[in-house]
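Participant: Attaching a predicted model along with its sequence, questions to come.
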Amino acid sequence: MYACRNLPTPKIVTMLETQIQDIVQNLYQVDATIELQETRKEFEGDLTLVVFPFVRAAKKRPEDVAEEIGADLVQAGAIVSYNVVKGFLNMVLDSNVFVNDFKAFALDANLNLPAPGSKGQYIVEYSSPNTNKPLHLGHIRNNLLGSSVSNILEADGVAVTKVQIINDRGIHICKSMLAWSEYGNGETPESTGLKGDHLVGKYYVKFDQVYKSEIQTLVEGGMSEDEAKKLAPSLVKAQEMLLKWEQGDEAVIDLWRTMNNWVYEGFNHTYKKLGVSFDKNYYESQTYVLGKDDVLKGLEDGVFYRKEDGSVWIDLEDEGLDHKLVLRRDGTSVYMTQDIGTAIQRFKDFDAKGMTYVVGNEQDYHFKVLFIILKRLGYTWAESLHHLSYGMVDLPSGKMKSREGTVVDADDLIDSMIQDAAAISKELGKLDNMPEEEQDQLFQTLGLGALKYFILKVDPKKRMLFNPAESIDFNGNTGPFIQYTYARIQSLQRKAPEGLTVNWTDLNPNEEEVVLMKALVQYPSMVEQAAKQLSPAVLANYTYDLVKKYNGFYQNNSILNAESDERIAFRLLLSKKVGEVIASSMNCLGIQVPNRM
RNA sequence: GGACUCGUAGCUCAGCUGGAUAGAGCAUCUGCCUUCUAAGCAGACGGUCGCAGGUUCGAGUCCUGCCGGGUUCACCA
């Protein structure tokens, strides 16, 4: 459990650690670094010291060692009391420590988070779609991760520039262009009522069908399959089209522009629904010329070498890798060349101290190589590049493939989540006097909350399974569970009497209240940890844990009917802060929170 | 074949730099709405942490080997 070992009171902890260090030095002449952990909830105490490391030097039983240290600490007034279980020294602190800690947290309007932008500027690249088909579940994971990681960094005080590279050029784009011009009969998004990206995707699939049947015909006519794949008429035509595009043929460029715009319109619609956005778009049709000069300069500096045929390579054998091509023998660039150039361009555009690429783990090798190359080219920022590599989303039937139609479409999935949310809400029947418009807004909040939480709560680097047949849950460890707790807290606040004040000096919090205070105070360090690990899952799990604790408290403690006004004020404040932390962390995950549900 | 990565309850997942009896949710079963929202709370059931060694006072966590899944090793992007 997350809350278990993240220590809530760093100052106290470090003080105690030095004190223990002195005691251990004094008793056993050992100079050891002391690390405390939070006491497990089945034992009495707040902090625990593991004494095994000193046992050998002390030449005593672990229990005796713990006793000695504990006694010294009590005498020094560092702790109130202690107990010893095997080699574990459980220490009880004065509960005022937690109250004071929480008080400081509660009085800070910004939840003790770092000031915005106080930690410099950083670039996050994510999304990076091809403009030949609609977005699917894999893209959703990418977008949610990228967007969420950006939010988390922002919350941790980093100014984030969100960018994407749009793959708007190349043979795959020409495929859908060709199929549309041959079979499209002038269809447009307007004439068909289809979203632009879906219309273009339809012709991408159409191309593949035609292409496959051509191959089959050729093979039946006696051609080898490999040859048929290269000589199928539609592919040849697509390649001709690409050539024309590169030569600047006006008709082709016009078509390209038109169809891309359809796609962008479709994408924007999906992005808006998902709540993701970008500060700058890079288009491959513009960036594909970048990088050549950098490579040639690197060649002069001896970073790269040239083979007899004129192609340019880098030798990475001393890194345990092999040789990698960076320029073709005809002098044209490859994927790597462009990425070198684009990275350099980005750091010219923005004065950032680092950049993260949110890209699937099938490109692990590519980014490993890219980062080494940029380091060898001597860019200082190359030390701060990171690949946020995430696992793919699998279906029970296996991999998703756009061309074969075995994908979970992003728009469909979003819509069905919203419908599920509506159905469940209506069944519960709590919204009878809510205006229709507000209800629709709420269904979106809940449906998207469920979807986003479902995806973000799992560790990015793990591949995840999605079963479309089993709808995403709205109970248990889910977005709506957390949203529900938030809504209940808001309801409390609406009913709260005004003008009550907390009596800090004479609080005497009960166990559940202390648990909540400890959990709340950790929020900034959880944000920091999530930022450091670039993992929304860290925040999702922390928040789930917090909400479970709050629900336990809520169940057993009356808030509005507590025994005194001071206690009502305190419990309301606790609740309010839980609500604020929920809102803040859900905001980091791109999830909205409702005032009612 | 080389490299990387993953393997924890029937299913989906937590488990931080090694620490006490491995935790949640879903599913199944049992309680709790004449007190603040039951999308909730409490409980039961469910595990040789892929297997075998090793390091350590202590291993789900670190090391080695094996088994199984995935990715990658293009003058594609």
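Facilitator: Sure thing, it's come through.

Participant: Check A:L27 and give its pLDDT.
Facilitator: On the pLDDT scale, A:L27 is placed at 89.

Participant: does it really touch A:E68, like I thought?
Facilitator: Yes - between A:L27 and A:E68 there is a contact under Cβ atoms under 8 Å: 6.0 Å. C-beta: built from backbone N, CA, C; applies to glycine.

Participant: The two: which has the busier surroundings?
Facilitator: More neighbours surround A:E68 than the other of A:L27 and A:E68, with 19 against 16 (other Cβ atoms under 10 Å).

Participant: In what element of secondary structure is the more buried one found?
Facilitator: Element membership for A:E68 (DSSP states H and E) is helix A:62-75.

Participant: what mean pLDDT does that helix have?
Facilitator: 92.

Participant: ditto for stretch A:183-200
Facilitator: Mean predicted lDDT for stretch A:183-200 stands at 96.

Participant: Figure out the length between the terminal residues of it.
Facilitator: 12 Å (Cα to Cα, to the nearest Å).

Participant: Next one: A:L370 relative to A:H386, how far apart?
Facilitator: Distance from A:L370 to A:H386, counting by Cβ to Cβ, to the nearest Å: 11 Å.

Participant: can you pull the contacts of A:A155?
Facilitator: A:113, A:527, A:531, A:584, A:587-588 (Cβ atoms under 8 Å, 6 or more residues apart in numbering).

Participant: just the CA coordinates of the helix holding A:E68, formatted as PDB?
Facilitator: These are the backbone C-alpha positions of helix A:62-75, laid out as PDB (Å, rounded to 0.1, in the frame of the first residue of the first chain):
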ATOM      1  CA  PRO A  62      17.700  -7.900  18.200                       C
ATOM      2  CA  GLU A  63      15.000  -7.500  20.900                       C
ATOM      3  CA  ASP A  64      17.600  -6.100  23.300                       C
ATOM      4  CA  VAL A  65      19.000  -3.800  20.800                       C
ATOM      5  CA  ALA A  66      15.600  -2.400  20.000                       C
ATOM      6  CA  GLU A  67      14.900  -2.000  23.800                       C
ATOM      7  CA  GLU A  68      18.100  -0.100  24.300                       C
ATOM      8  CA  ILE A  69      17.500   2.300  21.500                       C
ATOM      9  CA  GLY A  70      13.900   2.800  22.400                       C
ATOM     10  CA  ALA A  71      14.700   3.600  26.000                       C
ATOM     11  CA  ASP A  72      17.300   6.100  25.000                       C
ATOM     12  CA  LEU A  73      14.800   7.800  22.600                       C
ATOM     13  CA  VAL A  74      12.100   8.100  25.300                       C
ATOM     14  CA  GLN A  75      14.700   9.500  27.700                       C
END
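
Participant: hang on, the earlier thing: closest to A:Y282 out of the contacts of A:A155?
Facilitator: A:A531 (24.4 Å; Cβ to Cβ).

Participant: Quick one: residues contacting that closest one.
Facilitator: A:A531 touches A:152-153, A:155-156, A:158, counting by Cβ under 8 Å, 6+ apart.

Participant: quick one: which of these has the most company?
Facilitator: Most surrounded of those: other Cβ under 10 Å gives A:I152, at 28 neighbours.

Participant: that older thread, and the contacts of A:A155, which two are furthest apart?
Facilitator: The widest separation within these (Cβ to Cβ) is 14.2 Å, between A:A531 and A:N587.

Participant: I would like the residues contacting the strand or helix carrying A:E427, please.
Facilitator: Assigned by DSSP H and E, A:E427 falls within helix A:410-428. Helix A:410-428 has contacts (Cβ under 8 Å, 6+ apart) with A:134-137, A:139-140, A:195, A:198, A:269-270, A:273-274, A:431, A:439, A:442-444, A:446-448, A:450-451, A:471-472, A:474, A:480, A:597.

Participant: repeat for stretch A:513-525
Facilitator: Outside stretch A:513-525, the residues within contact range by Cβ under 8 Å, 6+ apart are A:3, A:6, A:8-10, A:95, A:98-99, A:101-102, A:105, A:111-114, A:509, A:542, A:545-546, A:549-550, A:553, A:557, A:570-571, A:574, A:577-578, A:581, A:584-585.

Participant: ok, and the residue nearest the centre of chain A, which helix or strand is that part of?
Facilitator: Nearest to the mean C-alpha position of chain A, counting by Cα atoms, centre = their mean, stands A:L145 at 3.2 Å. A:L145 belongs to helix A:137-155 when assigned by DSSP H and E.

Participant: Neighbour count: A:L370 and A:H386, which is higher?
Facilitator: Higher neighbour count among A:L370 and A:H386: A:L370, with 22 against 15, using other Cβ under 10 Å.

Participant: Tell me the spatial nearest neighbour of the more buried one, not counting adjacent residues.
Facilitator: A:D339 (5.3 Å; Cβ to Cβ, 6 or more residues apart in numbering).

Participant: Show me which parts of the helix holding A:E427 are buried, residue by residue.
Facilitator: A:410-411, A:413-414, A:416-418, A:420-422, A:424-425 (16 or more other Cβ atoms under 10 Å).

Participant: Quick one: list the elements packing against the helix or strand following that helix.
Facilitator: Proceeding N to C from helix A:410-428, the next assigned helix or strand is helix A:436-456, under DSSP H and E. Helix A:436-456 is packed against helix A:137-155, helix A:250-274, helix A:410-428, helix A:479-495, helix A:536-556, with contacts defined by 3 or more Cβ pairs under 8 Å, 6 or more residues apart in numbering; DSSP states H and E.

Participant: how does it look with 6 Å?
Facilitator: Helix A:436-456 sits against helix A:137-155, helix A:410-428, helix A:479-495, with contacts defined as 3 or more Cβ pairs under 6 Å, 6 or more residues apart in numbering; DSSP states H and E.

Participant: Just put those in TSV and tack on distance to A:K206.
Facilitator: Output for those, formatted as TSV (distance: least, Cβ to Cβ, whole Å):
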stretch	distance to A:K206
helix A:137-155	21
helix A:410-428	19
helix A:479-495	37
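
Participant: Show me what stretch A:69-79 is in contact with.
Facilitator: Contact partners of stretch A:69-79, identified using Cβ atoms under 6 Å, 6 or more residues apart in numbering, comprise A:16, A:19, A:23, A:82, A:89, A:91, A:93.

Participant: Please list the members of those residues that lie in strands.
Facilitator: The members of the contacts of stretch A:69-79 that map onto strands under DSSP state E are A:82, A:89, A:91.

Participant: Just the closest of those residues to A:W313, please.
Facilitator: For the ones in strands among the contacts of stretch A:69-79, the nearest to A:W313 is A:L89 (59.9 Å; Cβ to Cβ).

Participant: if I pick that closest one, what's in contact with it?
Facilitator: Counted by Cβ under 6 Å, 6+ apart, A:L89 has contacts A:49, A:51, A:66, A:69-70, A:82.

Participant: farthest pair in those residues?
Facilitator: Top of the distance list for these (Cβ to Cβ): A:V51 and A:Y82, 11.5 Å.

Participant: In terms of neighbours, single out the busier of the two.
Facilitator: Neighbours were counted for A:V51 and for A:Y82 using other Cβ under 10 Å; A:V51 has more, 26 against 21.

Participant: mind listing what's buried in the helix holding A:E68?
Facilitator: For helix A:62-75, by 16+ other Cβ under 10 Å, it's A:62-63, A:65-70, A:72-73.

Participant: same check, this time on stretch A:369-383
Facilitator: A:369-374, A:376-377, A:379, A:381-382.

Participant: What values do phi and psi take at the residue in chain A that RNA strand B sits nearest to?
Facilitator: Using Cβ to the nearest atom of the strand, the single residue of chain A nearest to RNA strand B is A:G476, 2.1 Å away. Here is the backbone geometry of A:G476 (degrees, to the nearest 10): phi 80, psi -140.
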